[in-house]
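K.L.:
My questions concern the predicted model and sequence given below.
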Amino acid sequence: MDLGLERVGQVAEALGARAPAARTVVVAGTNGKGSCASLIESMLVEHGRVGTYTSPHLWRYNERFRVDGAPVTDDALCAAFRAIEQARGDISLTFFEYGTLAALWLFADQQVDYAILEVGLGGRLDAVNIVDADVALITNIGLDHVDWLGPDRQSIGFEKAGVMRAGRPAICCDRDRPASIDTVAARTGADLRVIGEAFDVSPQAGRWRFVHDENTIDIPALQGVIAENLAGALAAVQALTGRWPSVATIQRACRIQVGLIGRRERVDDILPIIYDVGHNAEAVAALVRDLVSQPVSGRTHIVFGMLIDKPVETVAACLEKVADRFYLAGLDGLGTRGLDAAALARRSGIDGPCFDHPRAALEAALEAGEAGDRVVVCGSFLTVAHARRQLPS
């Protein structure tokens, strides 16, 4: 990994892709970036063409690049990479920098009206930050990538806040934001708009009430949507367009977000299977809260695999609150940072059967299950991607 903006910025200039759309929003944060990007995308389509760049992908690299909700074609991606190769000369680029430049070129080439760019790591030195976004959205600040971003929420908040720009809206939907967010906003001169002050959301008897200045929107609460993420996405859309989406548009966006693959996604198989790509303490805690709120009559079987640099001990302790049995899945054959099942058992302290591959772990969980049970597949994008029995059509 080679963090910094100089090299990728030079290539972007040569490509003429520093401004991929008429209006751009950058989404940073520890958790909820993909969900917020999806919500914003679905609410913007009635205003024009929308390009969305997210990461990582589950199965196909094209998943990272969407125009009007559909992944771009192989031909379009190849055209983007040819343009990058021609523009970069002898400048070296990382894997993520190639992808970011491809997104900027694709969105400019397809003349989208709005670009939604999800930060990959941090914010201040992330390749996405070569774009001077019209709106910055910071979802929440948690402990992840501490080797790169710093050991605490203050340090990580400082890095995430680097996507803010002077005089432009910077929206934060973390109710417990670290003070570094405000410090960077003041230093930058950004127009900081935070949940609980500039806008808010509150439960009202099975409904959500959103308040922004003198505007109020009431919609039915929907299981699987985090209200604070939706509030931040709404504030971002309002900042981009100057208008609030209709209730029907908001509800449609929520339904699409609930259907996102691997985000607490339920698939009915031999037993119900919940797939979740969350891989840090805060994301897994949210998954556990969902599982507790939706109990089953039988047992909960957890297929669990993680990367070596993730907080295995903390995540495992959280999952133990709802697990009746674990099935430890090795990821060492699937990526350079994958943790093998035996090492996962040692680090987590979990006593459970070990498997070389997530699919084998899932098959064992389904075979052991009975009517009334459920299976949860979690811990990493790799765990979900390689355990899945049937790929979405």
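P.N.:
Nice, I can see it. Numbering: from 1, shown residues only.
K.L.:
Run the chain-centre distance for stretch 362-374.
P.N.:
Mean C-alpha position of stretch 362-374 versus that of the full chain (C-alpha atoms, centre = their mean, to the nearest Å) differs by 29 Å.
K.L.:
Distance across that stretch, terminal residue to terminal residue?
P.N.:
Stretch 362-374 has an end-to-end distance of 11 Å (criterion: C-alpha to C-alpha, to the nearest Å).
K.L.:
So for that stretch, what gets flagged as buried?
P.N.:
Buried residues in stretch 362-374, counting neighbours by 16 or more other C-beta atoms under 10 Å, are found at Leu362, Glu363, Ala364, Ala365, Leu366, Gly369, Asp373, Arg374. In this view, the C-beta of every residue, glycine as well, is placed from N, C-alpha and C.
K.L.:
Over to stretch 118-138?
P.N.:
118-124, 126-131, 133-138.
K.L.:
Quick one: end-to-end distance for that stretch.
P.N.:
Terminal residues of stretch 118-138 lie 10 Å apart, using C-alpha to C-alpha.
K.L.:
Next step: the buried residues of stretch 118-138 restricted to strands.
P.N.:
Glu118, Val135, Ala136, Leu137, Ile138 (DSSP state E).
K.L.:
Need the pLDDT of the first one.
P.N.:
Meaning Glu118. Listed pLDDT for Glu118 reads 96.
K.L.:
Please report the distance of the residue nearest to it when sequence neighbours are not counted from Gln204.
P.N.:
Leaving out its chain neighbours, the residue that sits closest to Glu118 by C-beta to C-beta, 6 or more residues apart in numbering is Thr54, at 4.4 Å. To Gln204, Thr54 is 31 Å away according to C-beta to C-beta, to the nearest Å.
K.L.:
what ranges do the helices span in the stretch 201-350 of the chain?
P.N.:
Assigned by DSSP state H, counting those that start in this stretch, the helices in the stretch 201-350 of the chain fall at 227-241, 247-258, 281-293, 312-319, 341-348.
K.L.:
Among these, show me which one is buried the most.
P.N.:
Mean neighbour count (mean count of other C-beta atoms under 10 Å) peaks for helix 227-241 among those, with a mean of 24.
K.L.:
shaky segments in the chain?
P.N.:
1-3, 144-146, 148-149, 389-393 (pLDDT under 70).
K.L.:
mind giving me the domain ranges of it?
P.N.:
Domain assignment for the chain by automatic domain parsing gives 6-258, 265-387.
K.L.:
Please report how far the residue lying closest to Thr139 once chain neighbours are set aside lies from Ile181.
P.N.:
Spatial nearest neighbour of Thr139, chain neighbours left out: Gly29 (3.0 Å); criterion: C-beta to C-beta, 6+ apart. As judged by C-beta to C-beta, Gly29 and Ile181 stand 11 Å apart.
K.L.:
could I get the ones in strands among the buried residues of stretch 118-138 as TSV with distance to Gly259?
P.N.:
Putting these into TSV (distance: C-beta to C-beta, whole Å) gives the following:
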residue	distance to Gly259
Glu118	18
Val135	25
Ala136	27
Leu137	21
Ile138	25
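K.L.:
Of these, which is the nearest to Asn229?
P.N.:
Leu137 (9.5 Å; C-beta to C-beta).
K.L.:
give the contact list for the closest one.
P.N.:
Contacts of Leu137 were listed using C-beta atoms under 8 Å, 6 or more residues apart in numbering, and they are 25-29, 36, 40, 171-173, 232-233, 235-236.
K.L.:
related to what we said a few turns ago, and Asn215, which of the helices of the stretch 201-350 of the chain is closest to it?
P.N.:
Minimum separation from Asn215 across those (C-beta to C-beta) falls at helix 227-241, 8.3 Å.
K.L.:
And for that closest one, what's in contact with it?
P.N.:
Counting by C-beta under 8 Å, 6+ apart, 23, 25, 27, 32, 35-36, 39-40, 43-44, 47, 114, 134-135, 137, 139-140, 169, 171-175, 193, 195, 198-201, 203, 208, 210, 212, 217, 221, 244-245, 250, 253-254 sit against helix 227-241.
K.L.:
run the last query once more with 7 Å
P.N.:
23, 25, 32, 35-36, 39-40, 43-44, 47, 114, 134-135, 137, 139, 169, 171, 173, 175, 193, 195, 199-201, 208, 210, 212, 244-245, 254 (C-beta atoms under 7 Å, 6 or more residues apart in numbering).
K.L.:
same check, this time on stretch 349-367
P.N.:
The contact list for stretch 349-367, computed with C-beta under 7 Å, 6+ apart, reads 269-271, 301, 303, 305, 316, 325-330, 333, 341-342, 345, 375, 377, 383, 386-387, 389.
K.L.:
one step back: next, show the common contact partners of Gly29 and Ile181.
P.N.:
Ile138.
K.L.:
So which residue is smack in the middle of this protein?
P.N.:
What sits nearest the mean C-alpha location of the chain, by C-alpha atoms, centre = their mean, is Gly34, with 3.1 Å.
K.L.:
Kindly confirm my reading that that residue forms part of a helix.
P.N.:
Yes. In this structure, Gly34 lies within a helix as judged by DSSP: H, G, I helix; E, B strand; the rest coil.
K.L.:
and Phe355, how far is that from Ala361?
P.N.:
To Ala361, Phe355 is 4 Å away according to C-beta to C-beta.
K.L.:
higher neighbour count, those two?
P.N.:
Per other C-beta atoms under 10 Å, whichever of Phe355 and Ala361 has more neighbours is Ala361, with 30 against 21.
K.L.:
Quick check: which element contains that one?
P.N.:
helix 358-368 (DSSP states H and E).
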